[in-house]
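Enquirer: missing the sequence, but the structure's below:
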Ligand SMILES: O=P(O)(O)OC[C@H]1O[C@H](OP(=O)(O)OP(=O)(O)O)[C@H](O)[C@@H]1O
Ligand SMILES: Nc1ncnc2[nH]cnc12
């Protein structure tokens with residue numbers, strides 16, 4: 001494990017049985033509160049974004065906003081929020097999906113992504129992969145190209161990587177930590 005991975009891992013708190021029994025919640029708030037760790041994470045994700053030739057970052061509400069926005073600024077690309085249904089005022093594309101604890105629907109402003117865009121999806125956790133998969137479907141439906149998915153951590157035992165594979169269409173899934 002690299003020094004950066006060790007730093008990031010040391011700032012993630014395990015919370016058992018949250019938000020429901022049987023779930024080990026990975027809390028990133030200690031990492032966000034530590035400027036050295038937050039900076040290292042932002043720089044690493046920005047590097048992946050630039051390397052992939054992305055023109056936009058899609059951040060997934062809500063924790064993907066916290067990570068994705070500074071990464072977009074750092075990488076010099078635009079930021080597009082993918083929000084839970086009912087929060088965006090303009091014309092939207094919507095996609096329903098299931099996650100580790102429940103189900104949800106996400107939306108994006110249709111005009112924020114165009115055929116000229118290569119899009120990197122940024123989020124904190126890849127669990128079942130349902131959220132990321134739905135976001136890739138939205139990106140493609142908007143006519144844009146998928147540059148990849150970059151997450152802080154991947155919960156390997158939930159099989160998100162395999163679920164995401166078809167929607168990725170050969171684009172990379174990068175996880176900085178595998179737990
Ligand atoms: O791979 P999946 O099974 O889809 O789960 C991963 C998603 O779940 C969490 O978000 P959540 O929907 O809990 O929303 P939040 O960021 O608002 O807390 C996390 O931030 C990811 O977006
Ligand atoms: N175990 C978990 N911890 C944090 N975020 C999550 N999103 C889905 N599963 C999660």
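Expert: Thanks, I have it. Model, not experiment: these values are computed from the prediction. Ligands and ions are numbered 1, 2, ... in the order given.

Enquirer: Looks to me like residue 120 is in a strand.
Expert: Yes: counting by DSSP: H, G, I helix; E, B strand; the rest coil, residue 120 is found in a strand.

Enquirer: Pull the number of nearby residues for it.
Expert: 32 (other C-beta atoms under 10 Å). Every C-beta, even on glycine, is put in place using the N, C-alpha and C of the backbone.

Enquirer: I'd say residue 87 and residue 107 touch.
Expert: Yes: when contacts are counted by C-beta atoms under 8 Å, residue 87 is listed as touching residue 107 (7.3 Å).

Enquirer: These two: which is more packed in?
Expert: Neighbours per residue, other C-beta under 10 Å: of residue 87 and residue 107, the larger number sits with residue 107, 22 against 11.

Enquirer: in what helix or strand does the residue lying farthest from the centre of the chain lie?
Expert: Computed with C-alpha atoms, centre = their mean, the residue of the chain farthest from its C-alpha average is residue 21, at 24.4 Å. Residue 21 belongs to no helix or strand when assigned by DSSP states H and E.

Enquirer: Return the residues of the chain in contact with ligand 2.
Expert: Counting by C-beta under 6 Å from any ligand atom, the residues of the chain close to ligand 2 are 23-26, 99-100, 125, 127, 155.

Enquirer: and with 8 Å instead?
Expert: 23-28, 63, 99-101, 124-125, 127-128, 131, 155, 158 (C-beta under 8 Å from any ligand atom).
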